[in-house]
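# next comes the sequence, and after it the predicted model I'd like to discuss.
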Amino acid sequence: MKRFLLALALVTAAVAGPAQAQLKFNPNQVAILRWYPANQTANIPVGAAFGVAFDGVDLWMTFGTSVVKKVRASDGTSTDFDVCTVYCGVTLTEIAFDGANVWVADAGNSAVYKLRASDGKVLGPFRASTPAGVAFDGANIWVTSAGDNTVTKFRARDGKVLGTLAVGLQPAGMAFDGANIWVTNTLSNNVTKLRASDGKVLGTFPVFSAPVAAAFDGANIWVANVGSDNMTKLRASDGTVLGIFVVGHEPVGLAFDGANIWVANKGSINVTKLQASGVNLGTFPLSAAPSGGMAFDGANIWVATPGNGINLSISKL
């Protein structure tokens with residue numbers, strides 16, 4: 001937790017100036033994953049990655065096996081942690097950072113695993129029916145369960161289940177907007193907005209075909225529709241559709257860099273960069289089809305590409 005609080009303090013100092021550099025919890029900064037200083041990185045081969053998350057210093061990656069890899073973003077130094085030394089038979093995919101720990105989904109064993117970020121120690125498995133997406137709201141971990149069309153809320157400090165909530169069909173990705181959790185329902189072609197404090201459903205909003213990922217840009221929710229090759233931009237306050245934007249074929253992953261939305265396109269094996277206004281700033285080729293895992297480290301966008309065993313870093317332009 002020290003790393004999380006220190007990083008929040010650094011962001012507060014950078015924005016407020018020396019005279020106002022006081023530690024304040026800002027859930028909006030948690031939502032857009034901007035609680036850390038920028039790091040400079042280079043492309044680093046790591047293996048056939050699926051999920052990726054950034055903790056302010058290191059990238060954490062999953063590979064569809066029992067291994068979680070911790071890679072220092074600045075120089076590529078890596079350490080492997082094998083969950084099988086504690087719980088075997090796992091298949092780790094999606095991953096999220098809670099300020100002190102990383103949480104990893106294991107659909108095969110219907111569990112999520114909590115690993116201490118400082119040393120990779122497994123702090124416990126917590127039951128979740130066929131978990132898919134994982135997200136952090138500043139205090140709790142949210143996990144989508146594609147098998148029973150629910151979202152489970154876990155208290156991050158101890159894994160206590162605070163609620164299991166029904167959403168749409170085959171929930172997948174999530175985004176936190178500072179107050180609410182947005183869930184993409186792949187087979188319902190819509191997104192559900194849940195109030196993070198109590199799980200109350202605040203609305204269900206139609207998008208396009210097969211939404212699988214979501215990201216928050218500070219004011220709006222972006223949804224990747226893998227079945228229709230486009231993005232839906234929703235105003236976070238009320239769910240109003242603000243635009244539909246064509247990207248590459250089969251968009252499966254999203255990341256926000258503070259100014260732009262990056263979209264990983266599985267079918268066209270590239271990444272599209274959109275201004276938050278929706279202006280297309282370019283398309284950048286990948287060497288293999290992305291899995292959907294993406295992260296921003298303050299300087300670069302990381303895209304998980306399981307096809308050729310490389311996790312590709314695309315420099316921020």
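Looks like it arrived, so ask away.
# doesn't residue 49 make contact with residue 291?
Yes. In this structure, residue 291 is within contact of residue 49 by C-beta atoms under 8 Å, at 7.1 Å. All C-beta atoms are positioned from the backbone trio N, CA, C, and that covers glycine.
# could you count how many residues lie near residue 260?
Counted with other C-beta atoms under 10 Å, the neighbours of residue 260 add up to 22.
# quick check, it in contact with residue 271.
No. Taking contacts as C-beta under 8 Å, residue 260 lies outside contact range of residue 271: 10.9 Å.
# one step back: so what sits against both of residue 291 and residue 49?
304-306 (C-beta atoms under 8 Å, 6 or more residues apart in numbering).
# for the nearest residue to residue 306 once chain neighbours are set aside, pull up the helix or strand it's in.
Leaving aside its chain neighbours, residue 306 sits nearest to residue 48 (4.1 Å; criterion: C-beta to C-beta, 6 or more residues apart in numbering). Secondary structure from DSSP states H and E places residue 48 outside every helix and strand.
# and the gap between residue 48 and residue 305?
Distance of residue 48 to residue 305, given as C-beta to C-beta, to the nearest Å: 8 Å.
# between those two, which is the more surrounded one?
For residue 48 versus residue 305, neighbours defined as other C-beta under 10 Å are more numerous around residue 305 (23 against 18).
# where exactly do the helices run in the protein?
2-16, 27-31 (DSSP state H).
# which of these has the lowest mean pLDDT?
Here the lowest mean pLDDT among the helices of the chain goes to helix 2-16, at a mean of 40.
# ranges for the strands of the stretch 1-150 of the chain?
Taking DSSP state E, counting those that start in this stretch to define them, one finds strands in the stretch 1-150 of the chain at 52-54, 58-62, 67-72, 78-82, 92-97, 101-106, 111-116, 122-127, 131-136, 140-145, 150-155.
# now for the shortest one, which elements pack on it?
Under the contact criterion of 3 or more C-beta pairs under 8 Å, 6 or more residues apart in numbering; DSSP states H and E, the helices and strands touching strand 52-54 comprise strand 58-62, strand 92-97, strand 294-296, strand 300-305.
# which stretch in those has the least confidence?
strand 300-305 (a mean of 87).
# that one packs against which elements?
Short answer (3+ C-beta pairs under 8 Å, 6+ apart): strand 300-305 packs on strand 52-54, strand 251-256, strand 294-296, strand 310-315.
# kindly recompute the last result at 6 Å.
Applying 3 or more C-beta pairs under 6 Å, 6 or more residues apart in numbering; DSSP states H and E, one finds that strand 300-305 makes contact with strand 310-315.
# what's the burial count for residue 90?
By the criterion of other C-beta under 10 Å, residue 90 has 24 neighbours.
# list the residues that contact it.
Residue 90 makes contacts with 66, 83, 106, 109, as judged by C-beta atoms under 6 Å, 6 or more residues apart in numbering.
# and the pLDDT for it?
pLDDT recorded at residue 90 is 81.
# with residue 299 instead?
Note for residue 299: predicted pLDDT of 83.
# if I look at it, how far off is residue 306?
Separation of residue 299 from residue 306 (C-beta to C-beta): 24 Å.
# still on that earlier bit, generate CSV for the strands of the stretch 1-150 of the chain, with distance to residue 166 and mean neighbour count as supplementary columns.
Shown next, in CSV, are those (distance: least, C-beta to C-beta, whole Å; neighbours: other C-beta atoms under 10 Å):
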stretch, distance to residue 166, mean neighbour count
strand 52-54, 27, 24
strand 58-62, 27, 27
strand 67-72, 30, 20
strand 78-82, 34, 15
strand 92-97, 20, 25
strand 101-106, 19, 26
strand 111-116, 19, 22
strand 122-127, 17, 16
strand 131-136, 15, 25
strand 140-145, 10, 25
strand 150-155, 6, 20
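# among those strands, which is nearest residue 248?
The minimum distance between residue 248 and these falls on strand 52-54, with 19.2 Å, by C-beta to C-beta.
# out of the contacts of residue 90, which are buried?
Using 16 or more other C-beta atoms under 10 Å as the burial test, the contacts of residue 90 include 66, 83, 106, 109 as buried.
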